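Participant: heads up, no residue letters with this:
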């Protein structure tokens, strides 16, 4: 799979919470090849910000040639992106990284915080492959306000949790899976490392394979700078723990491949 460097046109942008935005880009070459779990890198128009900002793919529309990015404003780069309007242009590189493997019949998708958006395209693809809504469980973990939940409900059974209990049940995504006695033949997850660590433990204890999308700070996004390495479960011939590049070798790994 090749990656493209293109100038994409902004189709639309909407603010969906106080600090989370939904950006749709016209990027046919990338949309044609992208798969759930991959990401793109957006470049600032400010020459002082040399490094691109990696953003996961929330939706991929191959027919329209568009990508939807749902992101949180966390710095000057994403603040700039949040000001874009229809007709504006931005330099984009992608698709980047390796996505999810879609071999299952009763999946459990678990997303936390800004790890929720990539679960949307994954849930759509699984539904298109014939996974029935009652066997397609999506567990979403929020801080205190929900976003995208209604979009998941179109093709999945949705379970909502939050730290505060203001939306859904109080607790985390693993609490919800246990409380609902959810079972499946594959866990897919994206979110902060403590959440992924708990999911890896739960998957091991219940003998369920799990694919985890790691959230790491990235620089180049193409595996050249080694800024986003993670430890693996492997050791080399000198009995030293080996590492993998999240941007190039991931961001999706099977749970047993990585140490969290």
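Facilitator: Nice, I can see it. Here the structure is a predicted model, which is why all the values come from computation and not from measurement.
Participant: Quick one: residues contacting the residue lying closest to residue 167 once chain neighbours are set aside.
Facilitator: Take residue 167 and drop its neighbours on the chain: the residue closest to it by CB to CB, 6 or more residues apart in numbering is residue 146, 4.6 Å away. Every residue, glycine included, has its C-beta placed from N, CA and C. Residue 146 makes contact with 140, 160, 162, 167-168 under the criterion CB atoms under 8 Å, 6 or more residues apart in numbering.
Participant: How about the secondary structure of residue 146?
Facilitator: coil (DSSP: H, G, I helix; E, B strand; the rest coil).
Participant: What distance do you get for it to residue 16?
Facilitator: Counting by CB to CB, to the nearest Å, the separation of residue 146 from residue 16 is 10 Å.
Participant: and residue 81, how many residues sit next to it?
Facilitator: Applying other CB atoms under 10 Å, we find 21 residues neighbouring residue 81.
Participant: Longest strand in this protein, please.
Facilitator: Longest strand in the chain by number of residues (criterion: DSSP state E): strand 4-15.
Participant: For the helix or strand that it is followed by, which helices and strands make contact with it?
Facilitator: Moving toward the C-terminus from strand 4-15, the next helix or strand (DSSP states H and E) is strand 20-26. Contacts defined by 3 or more CB pairs under 8 Å, 6 or more residues apart in numbering; DSSP states H and E place strand 20-26 against strand 4-15, strand 66-72, helix 76-82.
Participant: what are the pairing partners of strand 20-26, and which direction each?
Facilitator: Its sheet considered, strand 20-26 pairs with strand 4-15 (antiparallel), strand 66-72 (antiparallel) by DSSP bridges.
Participant: what's that strand in contact with?
Facilitator: So strand 20-26 is contacted by 8-16, 58, 65-73, 81-82, 84, 90, 92, 114, 147 (CB under 8 Å, 6+ apart).
Participant: Show me how to select, in ChimeraX, the buried members of these.
Facilitator: In ChimeraX, the members of the contacts of strand 20-26 classed as buried (16 or more other CB atoms under 10 Å) are selected with the following command:
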select :8,10,11,13,58,65,66,67,68,69,70,71,72,73,81,82,84,90,92,114,147
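Participant: roughly how far apart are residue 166 and residue 144?
Facilitator: Taking CB to CB, one finds residue 166 at 5 Å from residue 144.
Participant: Kindly report the same for residue 39.
Facilitator: Distance from residue 39 to residue 144, by CB to CB: 26 Å.
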